[in-house]
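J.: Structure for the following, please:
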Amino acid sequence: MEPTLFNDLLQSLKEAKAIAHGQAPAARRTKVTPPDVKAVREQIGLSQSEFAQLLQVSVRTLQNWEQHRRNPTGPASALLKVVQAAPDVALKALHA
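T.: Predicted structure coming up:
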């Protein structure tokens with residue numbers, strides 16, 4: 001490994017350690033807020049079993065999301081955001 005690359009990597013690790021120990025502020029922070037699954041489901045007026053079937057997940061998974069034991073990730077999270085923003089379009093597309 002080139003010395004300059006190694007030194008840059010070492011410096012990055014030292015900065016990460018300082019941030020982790022609260023000795024330096026992070027340059028930026030990203031906060032991801034998961035969608036409120038229960039509110040989305042209630043917004044479109046479906047039961048848990050109907051909504052789970054629509055999203056193609058188990059009722060147990062949906063219940064875990066609604067009770068904040070787990071959070072939807074990836075495509076499920078994106079789909080919930082679409083359903084929340086444009087429920088009529090999403091429902092039409094999902095029922096097709």
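J.: Secondary structure element holding Leu94?
T.: Here Leu94 sits within helix 87-95, counting by DSSP states H and E.
J.: scratch that, Arg41 is what I was asking about
T.: Secondary structure from DSSP H and E places Arg41 in helix 37-44.
J.: what number of residues lie near Gln43?
T.: When neighbours are counted by other CB atoms under 10 Å, Gln43 registers 12. The way it works is simple: take the backbone N, C-alpha and C, and place the C-beta from them, glycine included.
J.: Contacts only, for it.
T.: Each residue near Gln43 by CB atoms under 8 Å, 6 or more residues apart in numbering is listed here: 84, 87.
J.: Swap in 10 Å and give it another go.
T.: Gln43 is in contact with 36, 83-84, 87, counting by CB atoms under 10 Å, 6 or more residues apart in numbering.
J.: and the direction of the helix holding Arg41 versus that of helix 87-95, what angle?
T.: If you take axes from the mean of the first three to the mean of the last three CA atoms, to 10 degrees, helix 37-44 sits at 100 degrees to helix 87-95.
J.: could you point out which element follows helix 37-44?
T.: On the C-terminal side of helix 37-44, the nearest following helix or strand under DSSP H and E is helix 48-55.
J.: tell me the domain ranges of the protein?
T.: Split into domains by automatic domain parsing, the chain comes to 1-28, 37-95.
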